[in-house]
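Colleague: Attaching a predicted model along with its sequence, questions to come.
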Amino acid sequence: MKKAFRYLAILSLFLIIIFICFFKIVDFDFGFHLKTGEYIFYERTIPRNDIFSYIAKGNKWVDSHWLFQLVLYIVYLMGGTAGVILMRILVIALTFAFLFLTVYRKEYFSMSILVCLFALFVSFQRFLIRPEIFSLLFLAAFYYLTERFSSHPRLSLIAIPVLQIIWVNMHGLHVLGIGFLTLYLLGDILQALISKYSSIVPKLEIKAREWKEKGILFFIAVIALLINANGKDGILYPYRLFNELKARPTVFSRITELISPFAMKHLPFPDPSVIYKIFIIVSILALICNLKHIRLAHLFPYGAFLYLSVLSVRNIPLFALIATPMTIRNLYGISDFILKHIKIKPMFSNYLSYALSICFIAFAIFLCIFIGQNRLYKRLNYLRAFGLGESDFFPFDEVTYIKDKDFTGNIFNSSDIGGYLIWKLYPEKLVALDGRWEVYGDFLENIKQLSNPYYFSKLVEKYDIVAIILYKRSWEIQLMGPWLQRNPFWRLTKKTWNSLVYEKVY
């Protein structure tokens, strides 16, 4: 009976994961990822230069996400948008399965569930259909395999390099794999050295053969980075993107996901940024209480990913993945210490196990109903809706209007909806801007000049722009809206609850 309740409690965790991932496609960038996957599927080649934008046409494009895009299109081809959403559920469920199993102990199953719930609610904001979800999966798998290296070295020696090859062809954050391995191995090396001469850290027992195998693993994983379709550019893509962010702070400071979570104020509970701060406190307290049994291989990645999460909201899930196994392990250590000094009767232990299992099951039922009724998303003001299909926030009517009008010239659009327009209009129409900021080069330097009608008139002449579509939540509408309302050369021809369409007056 106790075993059955434990399994039901664990299943309740994954039921919550399924429900929290079961929402309509809401990310505009999904469109250009899907369309690129379609292009790769039929053309049997990866685009090296931009093909979607008339402003960036021909510019160098390092498509570091090509494998994700190909997989995405194949899944879409087989199952439509429903298949894509189910893919997201599977990827996130596997991610948390790795997290849960990394340090699972059945006698403390409730702690594992509780910390995984923290990680889930810290991360779910980023559960979009982007290559990022595969980075979460691979990072969790790396942690799992690295922790089990001593008992299963052959599995890790094969699986980690294979995952690294897939990762480097799926997402620009592939360097996180090597970064994690470096910090993990560095932590073990320093702990082995320090523990020989001091009792500051616990002694680490690793045989010479295991050190050799870990060295081989690291070498093979680094070599695996070279096996990517973009060569040197694919490896250096993260560095290049980081430089882009630094070079154009004005542009990227407008993107919410790049803002520090500590710069975001007055957020409602349970916003991920709020829970993130609580999670930091919990993880640090658990670390301090179990400091006597600290392992530097856990502490180094924790510190590095904590730093990344402080820099921007989008890095919070990465920190959660790294912090979860370490926090669970520290809570185990604290519990072992307590049980060693306080004897608890088996009967009380059983009742406690039943009570915790029932609490988790009841919480899961309540939360799934709460999510299924969209009350969670409304409370957080998220543009999400429980279910299958495309989000109601996509500009369906505007796309239909554009198709019906069959404009002979180009259409200027706000970057937010560029990915969606690529999905629905390419190759008949190219977009002006979309979410692939790295392909637009110098144009971004002048993007604030969109507030100047004279500057925009030069763009109109250069690119033969005959219509404008602006998403009401975009930065571009803030820049262009004031002068468009009184400009005699542009007429508002369609207005919906989320977009505006202007046409050129001849």
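Modeller: Looks like it arrived, so ask away. The structure presented is a predicted model; accordingly, all values stated were derived computationally and were not measured. Numbering: from 1, shown residues only.

Colleague: Could you break the protein into its assigned domains?
Modeller: Residue ranges for the domains of the chain, per automatic domain parsing: 2-380, 396-504.

Colleague: Buried ones in the strand or helix carrying Tyr307, by neighbour count?
Modeller: Here Tyr307 sits within helix 296-311, counting by DSSP states H and E. Residues of helix 296-311 classed as buried by neighbour count (16 or more other Cβ atoms under 10 Å): Leu296, Ala297, His298, Leu299, Phe300, Pro301, Tyr302, Ala304, Phe305, Leu306, Leu308, Ser309. Glycine gets a C-beta too; all of them are placed from N, C-alpha and C.

Colleague: Any chance of those in CSV with pLDDT and distance to Ile17 as columns?
Modeller: Formatted as CSV, those follow (pLDDT from 0 to 100; distance: Cβ to Cβ, whole Å):
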residue, pLDDT, distance to Ile17
Leu296, 94, 31
Ala297, 94, 27
His298, 95, 24
Leu299, 95, 28
Phe300, 97, 28
Pro301, 97, 23
Tyr302, 97, 23
Ala304, 96, 26
Phe305, 97, 21
Leu306, 97, 24
Leu308, 94, 23
Ser309, 95, 21
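
Colleague: ok, back up a step: which residues are in contact with the helix holding Tyr307?
Modeller: 179-180, 183-188, 190-191, 201, 260-262, 276, 280, 283, 287, 315-316, 318-319, 321-323, 325-326, 329 (Cβ atoms under 8 Å, 6 or more residues apart in numbering).

Colleague: before we move on, back to that, just put the domains of the chain in JSON lines and tack on distance to Gly387.
Modeller: JSON lines is the format used below for those (distance: least, Cβ to Cβ, whole Å):
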{"stretch": "domain 2-380", "distance to Gly387": "6"}
{"stretch": "domain 396-504", "distance to Gly387": "16"}
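
Colleague: Out of those, the one nearest Glu390 is which?
Modeller: domain 2-380 (5.2 Å; Cβ to Cβ).

Colleague: circling back: would you write a ChimeraX line that selects the buried entries of the contacts of helix 296-311?
Modeller: In ChimeraX, a selection of the buried entries from the contacts of helix 296-311 looks like this (16+ other Cβ under 10 Å):
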select :179,180,183,184,185,187,188,191,201,261,276,280,283,287,315,316,318,319,321,322,323,325,326,329
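
Colleague: and the contacts of helix 296-311, which of them are in strands?
Modeller: Among the contacts of helix 296-311, no member falls in strands (DSSP state E).

Colleague: how close does the most far-flung residue of the chain relative to its centre get to Asn410?
Modeller: Distance to the chain centre peaks in the chain at Tyr506, reaching 45.4 Å (criterion: Cα atoms, centre = their mean). When distance is defined by Cβ to Cβ, to the nearest Å, Tyr506 is 15 Å away from Asn410.

Colleague: Quick check: chain neighbours aside, which residue is closest to Pro488?
Modeller: Leaving aside its sequence neighbours, Pro488 sits nearest to Val505 (Cβ to Cβ, 6 or more residues apart in numbering; 6.7 Å).

Colleague: Tell me how far the one you found lies from Thr493.
Modeller: Counting by Cβ to Cβ, the gap from Val505 to Thr493 is 10 Å.

Colleague: Looking at these two now, which is surrounded by more residues?
Modeller: Thr493 (13 against 9; other Cβ atoms under 10 Å).

Colleague: So what does that one look like in phi/psi?
Modeller: phi -110, psi -20 (degrees, to the nearest 10).

Colleague: what do you get for Leu226?
Modeller: Here is the backbone geometry of Leu226 (degrees, to the nearest 10): phi -70, psi -20.

Colleague: from what I can see it touches Ile235, true?
Modeller: Yes - the criterion here is Cβ atoms under 8 Å, and Leu226 meets it with Ile235 at 7.3 Å.

Colleague: Between these two, tell me which one has more neighbours.
Modeller: Legend: neighbour count by other Cβ under 10 Å for Leu226 and Ile235, higher for Ile235 (18 against 12).

Colleague: what's the more buried one in contact with, if anything?
Modeller: Neighbouring residues of Ile235 by Cβ under 8 Å, 6+ apart: Val168, Val175, Leu225, Leu226, Asn228.

Colleague: Using the three-state scheme, assign it.
Modeller: helix (DSSP: H, G, I helix; E, B strand; the rest coil).

Colleague: All the strands of this structure, residue numbers only.
Modeller: Taking DSSP E as the test, the strands found in the chain are 410-413, 465-471, 490-495, 499-504.

Colleague: okay, those, which one's buried deepest?
Modeller: Mean neighbour count (mean count of other Cβ atoms under 10 Å) peaks for strand 410-413 among the strands of the chain, with a mean of 24.

Colleague: give me the number of residues near the nearest residue to Lys292 once chain neighbours are set aside?
Modeller: Nearest residue to Lys292, sequence neighbours excluded (Cβ to Cβ, 6+ apart): Pro202, at 7.5 Å. By the criterion of other Cβ under 10 Å, Pro202 has 14 neighbours.

Colleague: Tell me the confidence at Pro202?
Modeller: Looking at Pro202, its pLDDT stands at 84.

Colleague: Could you do the one 3 residues further on as well?
Modeller: Confidence at Glu205, expressed as pLDDT, is 79.

Colleague: And for Ile465?
Modeller: Model confidence at Ile465 (pLDDT) stands at 96.

Colleague: ok, now the one 5 residues further on?
Modeller: According to the predicted model, the pLDDT of Leu470 comes to 95.

Colleague: which residues does the closest residue in space to Phe360 that isn't next to it in sequence contact?
Modeller: Spatially, and ignoring its direct neighbours in sequence, Phe360 is nearest to Ala9 (4.2 Å; Cβ to Cβ, 6+ apart). Counting by Cβ under 8 Å, 6+ apart, Ala9 touches Phe109, Ser110, Ile113, Leu356, Ser357, Phe360, Ile361.

Colleague: The third one: what's it in contact with?
Modeller: Listed by Cβ under 8 Å, 6+ apart, the contact set of Ile113 reads Ala9, Ile10, Ser12, Leu13, Phe100, Phe360.

Colleague: rerun at 7 Å
Modeller: Ala9, Ile10, Leu13, Phe360 (Cβ atoms under 7 Å, 6 or more residues apart in numbering).

Colleague: out of these, who's nearest Gln478?
Modeller: Distances from Gln478 to the contacts of Ile113, taken by Cβ to Cβ, are shortest for Leu13, at 41.8 Å.

Colleague: Correct me if wrong: that closest one contacts Leu114.
Modeller: No - when contacts are counted by Cβ atoms under 7 Å, Leu13 is not listed as touching Leu114 (9.4 Å).

Colleague: of the two, who's got more company?
Modeller: Neighbour totals were compared for Leu13 and Leu114, and Leu13 leads with 22 against 17 (other Cβ under 10 Å).
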